[in-house]
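Undergrad: starting from these lines, generate the structure:
(one chain, ligands or ions: 1)
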Amino acid sequence: MGGEFQIMARKLTILDLQEKKRRGEPITMLTGYDYPTALLEDRAGVDIILVGDSLGMTVLGMESTLPVTMDIMVTMSRAVTRAVKRAFVVGDMPYMSYQTGKRDAIINAGRLMQEAGVDCVKLEGGVEMAETVEALTKATIPVMGHIGLTPQSMSQLGGFRAQGRDAKAAKALLDDALALESAGACMILLEGIPPEVGQAITERCSVPIIGIGAGPHCDGQLLIVHDMLGFFDKFTPKFVKKYADMNVIITEAIGRYIDDVFAGRFPGPEHCYAMKEGELEKFRELLDRT
Ligand code: KIV
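TA: Alright, predicted model coming up:
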């Protein structure tokens, strides 16, 4: 795995990710929300695992990310950090955990760092969040900025729609990225924007730029693990490439289990526990007497 690039065996730091950008080595990132999935992602060699608040939709069946709370994010992020030995883990700041002010942002991001053990937090917003990013950075909390299609602003954006598609909006995204970088953001995530805008931002920023639906020129790529494994089929964004169809695999496996139980093929002798030596005869005697 890893093509021409070597996969480092130890835990990755922000310096390793910055070095990858400098060398032009692609950075891989996936969302991960639970222990077993994070274990597999880490073993496969993904560089960054994002415990995204998208878990509200992919794992908890919510209609949007807005109802996700800090307590949920801490619990899920902790499950991921327990599994991970190598990947850099980013914990997402849920809706209203940082928009209400710098003090709230520090307290809540501090929980993700201290209670869940993440390496960095992510928050949505550009120029308007620069002061918050600066405050978090000063409080020793590494921050990944997230601009473009920002799901927490879905109501303001009028739904899940691509951003930066006219020159003025594209330039505003570049200004957002530069403001986040000046404020101390250690990485920036671009979501749902044209590739030319992704390229301009990647070339002008010195921190690693990761894209999800932001074209091939970013320093790294992110996919939602439930999309790329075919777990979540409510809708599939244009930028998703499906690498497996877990819906089909799991439904088919559960169907075979149901058939086996009905046909008496499961459980078989190999799935049953034996009684201790000599105990079966004694048990039968006891049964005969009752
Ligand atoms: O919550 C998440 O997984 C995200 C991605 C959609 C970028 O923020």
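Undergrad: which residue would you name as the spatial centre of the chain?
TA: In the chain, the C-alpha nearest the mean C-alpha coordinate belongs to Thr31, at 2.0 Å (C-alpha atoms, centre = their mean).
Undergrad: gap between that residue and Asp53?
TA: Between Thr31 and Asp53 the distance is 10 Å, computed by C-beta to C-beta, to the nearest Å. All C-beta atoms are positioned from the backbone trio N, CA, C, and that covers glycine.
Undergrad: contacting residues around Ser97?
TA: Remark: with contacts taken as C-beta atoms under 8 Å, 6 or more residues apart in numbering, Ser97 is in contact with Met70, Met73, Asp104, Ala105, Asn108.
Undergrad: for burial, what's the neighbour tally of the closest residue to the ligand within the stretch 51-200 of the chain?
TA: Ranked by C-beta to the nearest ligand atom, the top residue of the stretch 51-200 of the chain for proximity to the ligand is Gly52, at 2.0 Å. Around Gly52 sit 29 other residues, with neighbours defined as other C-beta atoms under 10 Å.
Undergrad: kindly report the same for the one 10 residues further on.
TA: The burial metric for Met62, expressed as a neighbour count using other C-beta under 10 Å, is 15.
Undergrad: what about it, helix or strand, and which?
TA: Under DSSP states H and E, no helix or strand contains Met62.
Undergrad: and stretch 145-162, average pLDDT?
TA: Averaging pLDDT along stretch 145-162 yields 90.
Undergrad: if you could redo that for stretch 56-63, that was the one I meant.
TA: In this model, stretch 56-63 carries a mean pLDDT of 94.
Undergrad: got the contact list for that stretch?
TA: Outside stretch 56-63, the residues that reach it (C-beta under 8 Å, 6+ apart) are 31, 33-34, 64-68, 72, 76, 224, 226, 231-232, 234.
Undergrad: from the residues you listed, which land in helices?
TA: Of the positions in the contacts of stretch 56-63, Ile72, Met76, His226 sit in helices, assigned by DSSP state H.
Undergrad: so Ala179 sits against Thr132, correct?
TA: No. Judged on C-beta atoms under 8 Å, Ala179 makes no contact with Thr132 at a distance of 11.4 Å.
Undergrad: closest to Phe160 out of the contacts of stretch 56-63?
TA: Distance ranking of the contacts of stretch 56-63 against Phe160, using C-beta to C-beta, places Ser64 first at 9.5 Å.
Undergrad: and Leu174, which of the three is it?
TA: Following DSSP: H, G, I helix; E, B strand; the rest coil, we place Leu174 in the helix state.
Undergrad: which residues does the residue nearest to the centre of the chain contact?
TA: Applying C-beta under 8 Å, 6+ apart, the residues contacting Thr31 are Ile49, Leu50, Val51, Gly52, Ser54, Leu55, Thr58, Leu222, Leu223, Ile224, Val225, His226.
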